[in-house]
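Chemist: Quick one, what's the 3D model for this:
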Amino acid sequence: MTTAPSPRQPVAWPWLICLDLQREHVVPGHARYAPANARAALVCARVLNFARKDGWRIVHTQRGRGVAQREQFGAPIEGLRPLISEPVFFHRGLSAFANPAFAAELRAARGEEVFLIGFSLADTCLATALAGFDAGLSLTLVEDAIGVGATQAFVDGARAVLAPFARFISSDGLVRSGLEVVA
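Modeler: Residues are numbered from 1 along each chain as shown. Sure thing, here's the model as predicted:
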């Protein structure tokens, strides 16, 4: 767990990006649904609760869609809803950085650890992680807290693409070791 800094050290709490933790990924019948996403959502809840208890800076993103779809599938997954103190940014593009307010918010995270959980490695997580690198962030993907929504071959390819730009850690490694990040 993160310990409080000494009076001479600046406060540098980690950040957690909760990317598109929306029902469309876990409710059967939607194009973004994949059975394995239920497990990823449970791990997301574990990481989110860990970050909240440890005082991390938490931001949420959601894909912006039409009102009818947002009500049915775009709503946050039960147990993963943002708290009133956690900002929510809507985006239409693949990357959360398509929202200028999100990009501005994350500028404050330069030089600090930023962890990413959410959906889906096949598109939004991949695009956001690469855009985060371009924005000067040090990103770590919590690999078992990311819904893949793709074949294993695609996941392996996405991971290979991200390897030079982001780190990976398991949720067990994050919780057990605090901020010890493994490549």
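
Chemist: Show me the strands paired with the strand ranked longest in the chain, marking each as parallel or antiparallel.
Modeler: Taking DSSP state E as the criterion, the chain has its longest strand at strand 138-147. According to DSSP bridges, strand 138-147 forms sheet pairs with strand 113-119 (parallel), strand 167-169 (parallel).

Chemist: Give me the residues contacting stretch 158-172.
Modeler: Residues outside stretch 158-172 that contact it (CB atoms under 8 Å, 6 or more residues apart in numbering): 43, 46-47, 115-116, 121-122, 126, 129-130, 132-133, 138-145, 150, 180-183. Placement of C-beta: from N, CA and C, glycine included.

Chemist: Restrict that stretch to CA atoms and write it as PDB.
Modeler: Extracted C-alpha coordinates of stretch 158-172, given in PDB (Å, rounded to 0.1, in the frame of the first residue of the first chain):
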ATOM      1  CA  ALA A 158      -1.900  -5.800 -28.800                       C
ATOM      2  CA  ARG A 159       0.400  -6.600 -25.800                       C
ATOM      3  CA  ALA A 160       3.400  -6.700 -28.100                       C
ATOM      4  CA  VAL A 161       2.400  -3.400 -29.600                       C
ATOM      5  CA  LEU A 162       2.100  -1.800 -26.100                       C
ATOM      6  CA  ALA A 163       5.200  -3.400 -24.600                       C
ATOM      7  CA  PRO A 164       7.600  -0.600 -25.500                       C
ATOM      8  CA  PHE A 165       5.200   2.100 -24.300                       C
ATOM      9  CA  ALA A 166       3.500   0.700 -21.200                       C
ATOM     10  CA  ARG A 167       4.100  -1.700 -18.400                       C
ATOM     11  CA  PHE A 168       1.900  -4.600 -17.200                       C
ATOM     12  CA  ILE A 169       1.100  -5.800 -13.700                       C
ATOM     13  CA  SER A 170      -1.500  -8.300 -12.400                       C
ATOM     14  CA  SER A 171      -4.000  -7.200  -9.800                       C
ATOM     15  CA  ASP A 172      -2.500  -9.700  -7.400                       C
END
